[in-house]
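> Just a sequence and a predicted model for now, questions to come.
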Amino acid sequence: MHNLLKNKIETKKAKIGIIGLGYVGLPLAVAFARKGYFVYGVDTNPRHIERLNKGERYIVDINPNEARNLIKQKKFLPTTSTSVLYDCDAIIICVPTPLRKVKMPDISYVLAAAKTIKKYLKNQLIILESTSYPATTREVVLPVLAETGKTPEKDFFLCFSPERVNPADKNFPLTKIPKVVGGFSKESTELGCLLYSKIIKKVFPVSSPEVAETAKLLENTFRLVNIALANEFAIVCNKLGISVWEVIEAAKTKPFGFMPFYPGPGLGGHCIPIDPLYLSWKAKKLGFKTKMIDLASYINHFMPRYVIERLKKLLHSRNIKLDGAKILILGVAYKKNVKDLRESPAIEIIEELQKKGAKLSFYDPFLPYLKMHEIDLKRTELNKSNLKTFNCAIVVTDHSNVDYNFIKSNIKLIFDTRNVYKKEGGNVIKL
């Protein structure tokens, strides 16, 4: 069976199924279809399928016209039907893995995907890409598939290959980011590496799914901890009366032993604020407390409150009460040049400011409205008459197509948490 799958992948006769057409799954589907493979894209959200067929954009990295053309050329079939998985030779799971409110991993989507595959399992290569705690592939996916009575690594092959998608990053699209693959045997690892090598320039095999799972968590924990350090330095530098941004610029002149990380109003997205907590949870199960991860997570989650306290003091110094102040939030997505709101610190900042009585408006070029939790706001327009009515603006997300100089010339006070203004002074105060 190994040689049969290998031959199908080599000759591009392998049909590929992608479960989940989000930020990870859709770019994968398009990349494989672009290379001549037939791809089924399975998603439970019928709106995603409808938008793909209409040529509407909902993922920033994918040109909707290209996706639609691949559909017309019968190289890509997006669908809500799971029965197409029986026709697949390789199936890649790209479903969400959120945290529950009690900071426990929610692997219900992974489990549901595994149970769906079980219904149609035959001689296939199965790959999990969804980030989770170490041993998820072995302890969650494998037992479900084994319930069919089929023998792992003989009747089917199983790997873990962590996603490394960075939305809106033009320098590192999917095909230029090296891929790590860990299977349950040399054969499964070989098949996984062979498949990804058809769309990705460099593929790195590791000895097990656990190594691949933990490597992903190390990548994101590295960033979590170093961003937390930068955030703590921002607070200390403010107490010292010096600029953390100038301190970082000075430190990064050292050509070895230092890598610059930058502070901000908090962390967003799935990877950095959530993924390390999967490792923390798993470690607790093994009787070990990950003190550095937990402390870093605390510091980063503290930043929205710190931003609000700094803002309150800035307004007070100008004899303006936070209660009733007209405040413009600049950018609400979790990172620049996307419309993704996952874990965005802007949401917490807006909710807390609303509770304190501030009158809020927002501008984000990618989001015409903001409607979630207790928030119901329509995007304001950036014109002179509007800007002059605000007591202040907070730069929360630094989108590259916003004219910050125009904003600076028409607003009384700007609290810049993203260093969009390289110099502090006048009406600009930096984090």
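On my side now, so go ahead.
> Show me what the top helix by length along the chain is packed against.
Criterion DSSP state H: the longest helix present in the chain is helix 209-240. Judged by 3 or more C-beta pairs under 8 Å, 6 or more residues apart in numbering; DSSP states H and E, helix 209-240 is in contact with strand 157-160, strand 179-183, helix 244-251, helix 271-285, helix 291-316. Yep, even glycine has a C-beta here, placed from its N, CA and C like the rest.
> tell me the most buried of those?
For the helices and strands packed on helix 209-240, the largest average neighbour count (mean count of other C-beta atoms under 10 Å) is found in strand 157-160, namely a mean of 28.
> and the chain, what are its domains?
Using automatic domain parsing, the domain parsing of the chain gives 2-207, 231-430.
> tell me the average confidence for the helix or strand harbouring Phe32?
Element membership of Phe32 [criterion: DSSP states H and E] is helix 25-34. Across helix 25-34, pLDDT averages out at 96.
> which helices and strands sit right next to that helix?
Helix 25-34 is packed against strand 15-19, strand 38-42, helix 64-72, strand 76-79, with contacts defined by 3+ C-beta pairs under 8 Å, 6+ apart.
> Buried residues, it. List them.
Gly25, Leu26, Pro27, Leu28, Ala29, Val30, Ala31, Phe32, Ala33 (16 or more other C-beta atoms under 10 Å).
> Make sure the fifth one is actually in contact with Phe76.
Read that as Ala29. Yes - in this structure, Ala29 is within contact of Phe76 by C-beta atoms under 8 Å, at 6.1 Å.
> joint contacts of the two?
Listed as contacting both Ala29 and Phe76 by C-beta atoms under 8 Å, 6 or more residues apart in numbering are Val39, Gly41.
> So Gly269: helix, strand or coil?
Under the three-state scheme (DSSP: H, G, I helix; E, B strand; the rest coil), Gly269 adopts coil.
> Pull up the per-residue confidence for it.
Gly269 is given a pLDDT of 86.
> Next one: the residue lying closest to it once chain neighbours are set aside from Glu424, what distance?
Spatial nearest neighbour of Gly269, chain neighbours left out: Tyr334 (4.8 Å); criterion: C-beta to C-beta, 6 or more residues apart in numbering. Using C-beta to C-beta, to the nearest Å, Tyr334 is found at 25 Å from Glu424.
> cool, and Leu194?
Distance, Leu194 to Glu424, using C-beta to C-beta: 53 Å.
> Quick check: what element follows the strand or helix carrying Leu194 along the chain?
In the assignment (DSSP H and E), Leu194 maps to helix 186-197. The helix or strand immediately downstream of helix 186-197 is strand 203-206, counting by DSSP H and E.
> Neighbouring strands of that next one in the sheet, and parallel or not?
Partners of strand 203-206 in the sheet, by DSSP bridges, are strand 179-183 (parallel).
> burial count for Phe233?
Counted with other C-beta atoms under 10 Å, residues neighbouring Phe233 total 18.
> Kindly confirm whether my reading is correct that it touches Ser243.
No - assessed by C-beta under 8 Å, Phe233 is found out of contact with Ser243, at 10.8 Å.
> ok, back up a step: compare Leu194 and Glu424 (neighbour count), which wins?
Shown here are Leu194 and Glu424; by other C-beta under 10 Å, Leu194 has more neighbours (18 against 15).
> I figured the more buried one hits Lys8, correct?
No - using C-beta under 8 Å, Leu194 is not in contact with Lys8; the gap is 10.3 Å.
> which one of the buried residues of helix 25-34 sits closest to Val402?
Nearest to Val402 among those: Pro27, at 25.6 Å, using C-beta to C-beta.
> for the closest one, what are its contacts?
Contacts of Pro27 (C-beta under 8 Å, 6+ apart): Ile59, Asp61, Ile62, Val165, Pro173, Leu174.
> The third one is in contact with Gly25, isn't it?
In other words, Ile62. No - contact criterion C-beta under 8 Å: Ile62 and Gly25 do not qualify, at 10.5 Å.
> Any regions of the protein where pLDDT drops low?
102 (pLDDT under 70).
> So which bits of stretch 382-396 are buried?
Buried residues in stretch 382-396, counted by 16+ other C-beta under 10 Å: Leu382, Leu387, Phe390, Asn391, Cys392, Ala393, Ile394, Val395, Val396.
> Redo those residues as TSV? Include secondary structure and distance to Leu218.
Below are these laid out as TSV (DSSP: H, G, I helix; E, B strand; the rest coil; distance: C-beta to C-beta, whole Å):
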residue	secondary structure	distance to Leu218
Leu382	coil	41
Leu387	helix	44
Phe390	coil	43
Asn391	coil	44
Cys392	strand	40
Ala393	strand	37
Ile394	strand	33
Val395	strand	31
Val396	coil	28
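> Let me know the closest of the residues you listed to Lys312.
Nearest member of these to Lys312, counting by C-beta to C-beta, is Cys392, at 10.9 Å.
> Just give the number of residues close to the residue lying closest to that closest one once chain neighbours are set aside.
Closest residue in space to Cys392, ignoring its immediate chain neighbours: Leu413 at 3.9 Å, by C-beta to C-beta, 6+ apart. Leu413 has 21 neighbouring residues, counting by other C-beta under 10 Å.
> where does Leu413 fall, phi/psi-wise?
Leu413 adopts backbone torsions of phi -150, psi 130, taken as degrees, to the nearest 10.
> ok, it - contacts?
Shown in contact with Leu413 (C-beta under 8 Å, 6+ apart): Leu314, Leu315, Arg318, Asn391, Cys392, Ala393, Asn427, Ile429.
> With respect to Ile293, which of the helices and strands packed on helix 25-34 lies nearest?
Here strand 15-19 is closest among those (C-beta to C-beta), at 29.1 Å.
> Run the chain-centre distance for stretch 3-13.
Relative to its chain's centre, stretch 3-13 lies at 32 Å (C-alpha atoms, centre = their mean, to the nearest Å).
> which residue sits farthest out from the middle of this structure?
Farthest-out residue of the chain from its mean C-alpha position, per C-alpha atoms, centre = their mean: Asn319, at 39.7 Å.
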